[in-house]
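Trainee: Need coordinates for the below:
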Amino acid sequence: MWKLRWLFLVVLCFCFTPHLHADCNSPHYRVGKTYDYIAPTVLLDISIPLQDFKPDKLICLATVLRQQYLGPEVSVGIFSSHKAAVNYVPLGVEYSPNAVLWASQRHAEYYFNAEKHEEYLLLVPDALSLNLKSPFNTRIDLPATGEYSCRLQLRSRCLLAFDHIAATSEDGSGTVTLTAQIEQNGSVSHVRLASPDAISSGQQRALADFALQI
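Mentor: You can find the predicted model right below:
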């Protein structure tokens, strides 16, 4: 039995262009919070428009950040909201709803360490799961060469952002069949249970209700 804790709703996906061009177009970024007290490490948060969270654009942005911020170690959080980039604080044991909102808008991270000869981008669909070992996150080692694929993708399209959804904490498993309509623009609408009359228990109803949120 698998304990349901959290699942996520896909809200954004982009095609992954595997090869970089010499004239790659880096997105414009705005500097949010800077952490000067950790010198000589360069640590800051920036924001870019949501539509610029594409792997090829992020790789170009990493090149710009490396040239702009010189230091033995550089760590840059990349947010989809400038307000979040200004106000973000790491979540602790206790945190406010605003802190969760700000944290949820951090969808990428750039990291460079000269001593370790390490440089990479981390794509973070679930912004509340920054761990390198997270099954949702994609690490792109830099400089980027060859082809890369995201850990989460659909028909070669990277899934880059999710809304956090709280699930029931009760143990449970089962199969829920849904029907839906796919629009011309690729969006999904009119999601319904295929056989609502077949649900006979409270646990099945909880699973069905949760499936309808995803």
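Trainee: Enumerate every residue touching V89.
Mentor: V89 sits next to 95, 99, 102 when contact means C-beta atoms under 8 Å, 6 or more residues apart in numbering. Glycine gets a C-beta too; all of them are placed from N, C-alpha and C.
Trainee: and if we set it to 6 Å?
Mentor: By C-beta atoms under 6 Å, 6 or more residues apart in numbering, the residues touching V89 are A99.
Trainee: hang on, it in a strand?
Mentor: No: per DSSP: H, G, I helix; E, B strand; the rest coil, V89 lies outside any strand segment and is coil.
Trainee: confidence score at S47?
Mentor: On the pLDDT scale, S47 is placed at 97.
Trainee: That one touches A84, doesn't it?
Mentor: No: with contact defined as C-beta atoms under 6 Å, S47 does not reach A84; the gap is 7.1 Å.
Trainee: Next up, the contacts around the spatially most central residue of the chain.
Mentor: The centre of the chain sits closest to P125, judged by C-alpha atoms, centre = their mean, with a distance of 1.8 Å. Applying C-beta under 6 Å, 6+ apart to P125 gives the contacts 136, 152, 159-162.
Trainee: Quickly name whichever of those is closest to I59.
Mentor: Lowest distance from I59 to these (C-beta to C-beta) belongs to L160, with 13.5 Å.
Trainee: and the closest one, helix, strand or coil?
Mentor: Per three-state DSSP, L160 ends up strand.
Trainee: what's the neighbour count on T145?
Mentor: Neighbours of T145 under the rule other C-beta atoms under 10 Å: 10.
Trainee: What is the burial count for R192?
Mentor: Other residues lying near R192 total 10 when counted by other C-beta under 10 Å.
Trainee: which parts of the helix or strand hosting it are buried?
Mentor: R192 belongs to strand 188-193 when assigned by DSSP states H and E. Across strand 188-193, burial judged by 16 or more other C-beta atoms under 10 Å covers L193.
Trainee: Also stretch 101-119?
Mentor: For stretch 101-119, burial by neighbour count (16+ other C-beta under 10 Å) applies to 102-112, 119.
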